[in-house]
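>>> Just to be clear, the model below is a prediction. Sequence and coordinates:
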Amino acid sequence: MSYSTADSFRPVTLDDVRGAQKMLSGVARVTAMEGSRHLSQTVGAPVHLKCENLQRTGSFKLRGAYVRIAGLLPEERAAGVVAASAGNHAQGVALASALLGVRSTVFMPKGAPLPKVSATREYGAEVRLHGQVVDETLAAAQEYAAETGAVFIHPFDHPDIIAGQGTVGLEILEQCPEVRTILVGVGGGGLAAGIAVAVKALRPDVRVVGVQAAGAAAYPPSLAAGRPVSVENLATMADGIKVGRPGDVPFGIVGELVDEVRTVSEDELSAALLLCLERAKLVVEPAGASPVAALLSEPGVFEGPVVAVLSGGNVDPVLMERVLRHGMAAQGRYLAVRLRLTDRPGALATLLGALSVVDANVLDVSHVRTDPRLGLTEAEVELHLETKGPAHCAEVGQALREAGYTVIG
């Protein structure tokens with residue numbers, strides 16, 4: 001399965017995806033399909049999680065990268081390959097190249113998370129840090145390809161890539177033959193396009209729904225315009241689907257075969273990541289949690305059984321900590337309050353005692369005595385509390401008022 005530059009827009013067929021599946025046998029894992037009782041109760045129908053976060057390199061990207069590189073001509077392999085990525089595609093290309101004995105160079109942004117940079121190097125790629133954003137990194141990789149003759153491996157805009165990603169769709173139909181709806185995160189569109197090709201050819205009745213982060217949603221305006229359009233000022237924690245313009249090849253497939261592309265907010269992404277960790281015991285990156293975010297945002301609109309594709313689990317620990325806190329706050333499990341009290345010995349201890357009665361865990365206390373807005377005998381206290389949800393937040397507020405405190409923020 002090899003395509004020249006002139007064939008880069010060749011249609012992707014079910015036979016291509018089946019050929020990719022044979023090629024990936026013994027290379028890519030057939031990842032687990034896990035049921036979720038909590039999500040099933042929320043949706044009112046069976047929900048299953050396709051765990052590509054447990055794939056080799058931590059995401060589905062190995063599938064497409066391996067198929068693309070394996071399809072190169074001998075002289076192309078001899079010239080080596082080059083890619084640009086902030087993480088998942090970088091690792092997929094690095095491992096695929098190593099398995100196939102092909103030299104690989106990967107350009108990554110200077111601000112790429114260190115664990116992703118280290119993993120890419122450990123898989124055998126030469127890593128070059130260039131630029132502050134992926135667009136700059138992409139330009140550098142393409143310039144390198146022009147200068148050296150190395151083959152540029154695009155993360156989503158090539159038929160071989162799409163065919164490789166489509167093997168996820170074949171596995172879904174094998175593991176959950178009764179599926180009615182498949183939810184998949186969308187960035188450039190390679191994964192959604194590949195799944196749609198495989199699934200719609202075999203089960204046209206199955207609804208395929210793409211999910212984008214609202215702060216980086218290029219597909220809705222592109223589909224409305226009938227052509228790929230660029231979106232500026234991307235703002236989302238989901239870097240795996242933070243793509244400003246759909247790929248030309250996947251765009252045509254998504255427009256024809258994907259039934260709907262929805263968007264989710266940052267709060268919904270945070271809540272979804274937290275749910276995957278707490279309820280499913282799965283470490284999932286924000287992009288990988290986007291299908292779960294869609295389920296949480298409007299649980300009643302999806303016909304079951306539903307399969308949500310967890311596309312990746314490569315999340316930076318620092319980001320994970322921030323996202324988890326954000327997710328807990330979005331669920332009402334953090335509460336920040338400001339109040340005034342009499343500045344006398346024991347006043348703070350009395351306040352904390354009132355909070356302990358309602359089982360609120362104090363995370364942080366800020367005590368201010370010198371603000372000109374305060375009276376001579378007053379102090380202001382800001383508290384950050386861990387709570388059990390919105391109802392518990394209301395209970396804490398009521399307990400403070402009953403104890404005689406005036407909450408001012």
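Right, received. Where do you want to start? Here the structure is a predicted model, which is why all the values come from computation and not from measurement. Numbering: from 1, shown residues only.
>>> Just give the number of residues close to the nearest residue to residue 405 once chain neighbours are set aside.
Excluding the flanking residues, the one nearest residue 405 by CB to CB, 6 or more residues apart in numbering is residue 339, at 4.8 Å. Every residue, glycine included, has its C-beta placed from N, CA and C. Residue 339 sits with 17 neighbouring residues when counted by other CB atoms under 10 Å.
>>> Assign residue 45 to helix, strand or coil.
Secondary structure, DSSP: H, G, I helix; E, B strand; the rest coil: residue 45 is coil.
>>> Phi first, then psi, for it.
With angles defined as degrees, to the nearest 10, residue 45 sits at phi -160, psi 160.
>>> Roughly how far does it sit from residue 31?
Remark: distance between residue 45 and residue 31 (CB to CB, to the nearest Å) = 22 Å.
>>> number of nearby residues for the closest residue to residue 28 other than its chain neighbours?
Using CB to CB, 6+ apart and skipping residues adjacent in sequence, the residue nearest residue 28 is residue 63, 5.1 Å away. As a burial measure, residue 63 scores 31 neighbours (other CB under 10 Å).
>>> Dump the C-alpha coordinates for the lowest-mean-pLDDT helix or strand in the chain into CSV.
Counting by mean pLDDT, DSSP states H and E, the chain has its least confident helix or strand at helix 317-330, which shows a mean of 75. Provided in CSV are the C-alpha atoms of helix 317-330 (Å, rounded to 0.1, in the frame of the first residue of the first chain):
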residue,chain,number,x,y,z
PRO,A,317,2.0,15.4,34.9
VAL,A,318,2.0,19.1,35.5
LEU,A,319,-1.0,19.5,33.1
MET,A,320,-2.7,16.6,34.7
GLU,A,321,-2.5,18.2,38.1
ARG,A,322,-4.0,21.5,36.7
VAL,A,323,-6.7,19.7,34.8
LEU,A,324,-7.7,17.6,37.7
ARG,A,325,-8.1,20.6,39.9
HIS,A,326,-10.0,22.4,37.2
GLY,A,327,-12.2,19.3,36.8
MET,A,328,-12.9,19.1,40.5
ALA,A,329,-13.8,22.8,40.6
ALA,A,330,-16.1,22.4,37.6
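>>> got the contact list for that helix?
113, 115, 237, 266-274, 277, 283, 286, 315, 334, 386 (CB atoms under 8 Å, 6 or more residues apart in numbering).
>>> Show me which positions of it end up buried.
320, 323, 326, 327, 328, 330 (16 or more other CB atoms under 10 Å).
>>> Any chance of TSV for the residues you listed, columns distance to residue 135?
Formatted as TSV, these follow (distance: CB to CB, whole Å):
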residue	distance to residue 135
320	26
323	24
326	26
327	29
328	33
330	30
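>>> residues in contact with residue 118?
When the contact criterion is CB under 8 Å, 6+ apart, residue 118 has no partners at all.
>>> That one sits in which helix or strand?
Here residue 118, judged by DSSP states H and E, is contained in helix 114-122.
>>> Residue 257 touches residue 197, doesn't it?
Yes. In this structure residue 257 lies within contact range of residue 197 using CB atoms under 8 Å: 6.7 Å.
>>> Neighbour count: those two, which is higher?
Comparing residue 257 with residue 197 by other CB under 10 Å, the one with more neighbours is residue 197, at 28 against 18.
>>> What is the three-state secondary structure of that one?
helix.
>>> could you list every residue that touches it?
By CB under 8 Å, 6+ apart, the residues touching residue 197 are 12, 13, 14, 16, 17, 162, 163, 166, 169, 253, 257.
>>> Apply 7 Å and report the result again.
Residue 197 makes contact with 12, 14, 17, 162, 166, 253, 257, according to CB atoms under 7 Å, 6 or more residues apart in numbering.
>>> So which elements touch the longest helix seen in the chain?
What stands out as the longest helix in the chain, according to DSSP state H, is helix 159-175. Here helix 159-175 touches helix 14-24, helix 61-70, helix 190-202, helix 248-257, going by 3 or more CB pairs under 7 Å, 6 or more residues apart in numbering; DSSP states H and E.
>>> can you state the direction angle for that helix and helix 190-202?
Note on geometry: by axes from the mean of the first three to the mean of the last three CA atoms, to 10 degrees, helix 159-175 and helix 190-202 are set 60 degrees apart in direction.
>>> can you list contacts of helix 159-175?
With CB under 7 Å, 6+ apart, helix 159-175 has contacts from 1, 3, 8, 10, 12, 16-17, 20-21, 24, 30, 33, 50, 52, 60, 63-64, 66-68, 71, 154, 179, 182, 190-191, 193-195, 197-199, 202-203, 249-250, 253, 307, 309.
>>> For it, list the C-alpha coordinates in CSV.
What follows is helix 159-175, C-alpha atoms only, in CSV (Å, rounded to 0.1, in the frame of the first residue of the first chain):
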residue,chain,number,x,y,z
PRO,A,159,-4.4,7.9,2.7
ASP,A,160,-2.0,5.5,4.4
ILE,A,161,-2.3,7.4,7.7
ILE,A,162,-6.1,7.3,7.5
ALA,A,163,-6.1,3.6,6.6
GLY,A,164,-3.9,2.8,9.6
GLN,A,165,-6.1,4.7,12.0
GLY,A,166,-9.2,3.0,10.5
THR,A,167,-8.1,-0.2,12.0
VAL,A,168,-9.5,1.1,15.3
GLY,A,169,-13.0,1.0,13.6
LEU,A,170,-12.6,-2.6,12.6
GLU,A,171,-11.6,-3.5,16.1
ILE,A,172,-14.7,-1.7,17.5
LEU,A,173,-17.0,-3.7,15.2
GLU,A,174,-15.3,-6.9,16.3
GLN,A,175,-15.4,-6.1,20.0
